[in-house]
Each structure stands twice: as C-alpha cells, then as structure tokens.
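Colleague: Have a look at this prediction, sequence included:
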Amino acid sequence: MHNDEKTTKKNLLMFPLGTVGRDIIYNLVTSYLLTFVLFTRNLNTAQLSAITAIMVAARIFDALNDPVMGNIIERTRTKWGKFKPWLAIGILTTSLVVYGMFNTNLTGWAFVWYFGFMYFAYSITYTMHDISYWGMVPALSSDADTRNKFTSRATLFAGIGGVLAASLIPMFTAGESAIGGNAVTAYGIVALAAAILGPLFLAFTIFGVKEERNASDEPAPPVSFKKIISTITGNSQLVWIAVIFLLQQIGNGIVLSGIGQTYIYVEFGYKGVYFTMFQMLGMMVTAFLMIFYPAISKKFGRKKLMSWLMITGAAGYAIMLAAGILPLEAGIRFAFLTFGYMLANFGQYGFYLIMMISIMNTVEFNEYEHGVRDEAIIGSLRPFLTKMASALTVAIANLTYIVFGILKYTNGISEFEQAANAGEMTSEAKADAITELLKGVQRTQSSGLLIVMTVVPLILMYLSYILYAKKYTLDEPEYERICNELEKRRNGAAV
C-alpha cells in the first residue's frame, strides 16, 4: 500500500476517534447545563434572565474570539504543526472548567456570578480545540470524496459521543436512578467523568493523525481584524452558508435546549429514562446518514437530497405536534412523540452534514477568488455559528419558561433536589413530592412548550432550505470546476 494511502487510512480512524470525548463534554454543557441550573438552583426571574444574558453575551464574545483563535492557529508554527498544540491546551483547560461548572454549592446571585465567570472561561477554552479540530479537515485532504469521508466519520463519532451523553446523563441525573439519589451529586460526578474522557479520546487525534503541513512553511500572517473580516465578508458563498447554517442550527437545537426534556418531565413524569429513550432513539436514526452520507450525496447531489430531508423533517414535526394535541393514552403518545422526533432529527442531521461540507468547500472558493485558502479562519466560523445558535436556543428556552410560568415548577423541583442532597428528605420522598408538584401544570403551559419545540424549528428549517436552494451556488459540478482550475494554476506555477 502506498504511504499516502496508509496515512489516509490511519487518519480516517484516529481523527474521528478524537471527537468522542469532546462531544460528550459539548452535549453535557449545551444540552444539560441549563437543566442542571433549573433543577438544582432556586432562581427568580431576574436571576434566570441574568443567566440567559450571560450565555448570549458569551456567544457574542465568541464573534471576536473564534475568528481570532482561527487566525492565531494560522500563525502557529511548531514542530507539532499548527493544530495539535491548541488541541492539547484547549481540551485540558476545558476539562478543568467543566468540572468546576458542575461542582459548586453556591446559590442565588453568588451562583449567577460564578456561572458567568465559568461560562466565559468555557467559551475560550472549548474554542481552542474545536477550531483546531475542524480546521484540520482541509489539511487532511483536498479530494472532495476523501474530505466527505473525514467529515462523515468525524460526525459519526461525534454522534457516538452525543448518544452516550444522551443515553446516560438524563438517566443518571433525574428520577430513581440518579447517582447519589439527587441531581446535585449526580451532575458533579457526570462532569468529572466527562472531564476525564475528553482528553483521553482527543489523544488519538493528537498522537495518531498526520496532516499535510506544506502550508505551514509560508510566512505567518499577522493577527488582524481586517484580515478576519475581509476573509469572511469577501467570500460571498461563506456569508450565505453562514446565515443558512445559523438558522438551521437554531431550529435543530430547540428541542435539546432543555425544552424537550422539561416537556417530557411535565407530560410523562420526572424520570430520566423517558428523556433518555426519546433522545437516544432520535439520535440513533442519524447513524444511517453518518455512515452512508458520502455515497448518498455522491449519487443524488446535495440539493436534491435536501428536498427529501425537508419532507422527512416536516413530517416528523407534524407527528410530534399531533402526538401532544390528540387525546391519546400516555404510552401511545410518547411512542408517537419519539417517532416524530426520529424523523425530524433525521432531516435536521442530514441538513447539518450538508452544511458542514458546504462551509468547508468555501476554502477552495476563497482560494479561487482571492488566491489564499485561510482554512483556520473559515473553519472558525462553523463552531462560532454553532455556539451562537446554542445561546439563542437557550434564550428561546428561558423566555418560554418565563412566558408560560414553568419557572414555578423548576424551582419547586430544585428545592426538593437540594433537600435530598442535604439529607433532609429521602429520594423516595423527593420523587413523591415532585410527582405531586407536576400535577399542577396546566394544559396551556405544556402545549406552549410543545409548540415552541415543533413549529419554530420547522419554520427555521424551511427558511434554511429555501435560502440554500437559491443562494448557495457551490454544487458538485461547480466545486469540481473550481478544484480543476486551482489544479491548473498550481501546475502552471510549478512549471
């Protein structure tokens, strides 16, 4: 076997393995941090609003932090390359921050201030290794099919990390199977496990992957906001795909922002196993796309595939909405709700894979238009948009809780969880008290949660679909044409 083929084969294993632990951490913070706050702390409206503002402000901060980090990576010159040092520094500091986030006894405004400091720290540290990780993809191969394999395999293993988080975190933090009998203790131990797994898995990428470093021999570009802004705004396809991706990610994240979990607790009982089943089955169906996306995309093309995904997603959201509205028995209602989420998530995840490839392909478009690739700067836009979307979904979730009066019930649950943690009541008494509390939730309140987690995502998914069809022009033939033209230029320059 040729050396390049051996390297590619090894990279196709070691690169995706690295993200399993990262995505356990990501899912813990993105999907369960707000749940941890709501169900372990008694918050008034002002404090919840402050936490919301902190999360949104941290994402706005990332508007500067992410591209700057991308530029710093572009300038990094070490014998380990430009990506790996930041992978190591980023994952180790992220692990320390995440452990500290979930292991504190502070309450009230003291907790809010502590939360703000730790959340900003998380934004900085996670950015270091996230941009480095995904920015490495273009340096692993410039072949479109091979790059599809790297992306799809990385997202497959990211999905494995997500499924592990979705399977275990709700089960071990709520209800009868909560570690230590209460959510306070449980989240602390779960955070410790995530903080250990993150560095362990990323070591596969750091020590096992070999990237192309020919670009690293070029003079280091200066850190310049003008350079960052000009790279992003000067690439018309990058600008459009950024808008499209942001809309899709907001819609995709609403269910897992905490609203889906709260809705299931309200409707079916405060037991983590229900949300584990709901989320795990919803995520498992995406494994088909993770594995077969390169072949499917090559056969049908991205835009045609998006049409089928749009239909699938719309059908899923419609089934979820119907399951919550129709007078069905609880078990049947839960089954239909979960089946609908499986279809909706299948469609959304397909969109996500297409957007990932579409963003990366703007690297060649940038080289075609401006003569430079700027891989890390362009790569930094995807994690920034993902994190911005996650902050906006949190804002949507918290606003939903306030508008529909759900905070009353989350505060009640947090009081019982704190009492159980302090040994003031047994886990059995806690479960009975929470069950009695949730009986007071009105139909209009639960219906409000349902509408936000179905209708809003469907609208945003449709908007992203329309914009992609009309504004993104880098389809397969056009991308191939650009790559061929770039190859001619390189060969001409080499003569």
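Modeller: Everything's here; your move.
Colleague: quick one: secondary structure of residue 423?
Modeller: coil (DSSP: H, G, I helix; E, B strand; the rest coil).
Colleague: ugh, wrong one, residue 43
Modeller: coil.
Colleague: Can you get me a residue count around it?
Modeller: Close neighbours of residue 43, defined as other Cβ atoms under 10 Å, add up to 23. C-beta: built from backbone N, CA, C; applies to glycine.
Colleague: Can you tell me the element the residue nearest to it when sequence neighbours are not counted falls in?
Modeller: Residue nearest to residue 43 in three dimensions, not counting chain neighbours: residue 411, with 6.6 Å by Cβ to Cβ, 6 or more residues apart in numbering. With elements taken from DSSP states H and E, the one containing residue 411 is helix 407-421.
Colleague: residues making contact with that helix?
Modeller: By Cβ atoms under 8 Å, 6 or more residues apart in numbering, the surrounding residues in contact with helix 407-421 are 38-43, 45, 48, 180-185, 262, 266, 270, 401, 425-427, 430, 433-434, 437-438, 440-441.
Colleague: got the buried residues for the helix or strand hosting residue 59?
Modeller: Using DSSP H and E, residue 59 maps to helix 45-75. The neighbour-count check on helix 45-75 (16 or more other Cβ atoms under 10 Å) flags 47-52, 54-56, 58-59, 62, 65-74 as buried.
Colleague: Chain neighbours aside, what residue packs nearest to residue 129?
Modeller: What sits nearest to residue 129 in space, not counting adjacent residues and going by Cβ to Cβ, 6+ apart, is residue 90, at 3.0 Å.
Colleague: Contact partners for the one you found?
Modeller: Applying Cβ under 8 Å, 6+ apart, the residues near residue 90 are 125-130, 132.
Colleague: Helix, strand, or coil at it?
Modeller: helix.
Colleague: List the contacts of residue 301.
Modeller: 475-476.
Colleague: any low-confidence regions in the stretch 251-400 of the chain?
Modeller: By pLDDT under 70, the low-scoring segments of the stretch 251-400 of the chain are 290, 294, 376.
Colleague: Repeat the analysis, applying 80 as the threshold.
Modeller: In the prediction, the stretch 251-400 of the chain carries residues with pLDDT under 80 at positions 283-284, 286-301, 371-372, 374-377, 379-384, 387.
Colleague: All the helices of the stretch 51-200 of the chain, in order from the start?
Modeller: Secondary structure of the stretch 51-200 of the chain (DSSP state H, counting those that start in this stretch): helices at 84-102, 108-135, 137-140, 144-173, 183-208.
Colleague: ditto for the stretch 201-350 of the chain
Modeller: Along the stretch 201-350 of the chain, the segments classed as helices by DSSP H, counting those that start in this stretch run 225-233, 236-253, 259-268, 272-284, 287-300, 302-325, 330-360.
Colleague: Of the ones you listed, which is nearest residue 452?
Modeller: helix 259-268 (5.9 Å; Cβ to Cβ).
Colleague: To residue 476, which of the helices of the stretch 51-200 of the chain lies closest?
Modeller: helix 144-173 (7.9 Å).
Colleague: If we go by neighbour counts, what in that closest one is buried?
Modeller: 144, 147-173.
Colleague: what about residue 12, distance to residue 298?
Modeller: According to Cβ to Cβ, to the nearest Å, residue 12 and residue 298 sit 17 Å apart.
Colleague: These two: which has the busier surroundings?
Modeller: residue 12 (18 against 13).
Colleague: element containing that one, please.
Modeller: Judged by DSSP H and E, residue 12 forms part of helix 3-17.
Colleague: got a list of contacts for that helix?
Modeller: Contacts to helix 3-17, defined as Cβ under 8 Å, 6+ apart, come from residues 1, 136, 140-141, 146, 149-150, 153-154, 156-158, 201, 204-205, 208-211.
Colleague: Repeat that for stretch 104-117.
Modeller: By Cβ under 8 Å, 6+ apart, the surrounding residues in contact with stretch 104-117 are 37, 41-42, 47, 50-51, 54, 101.
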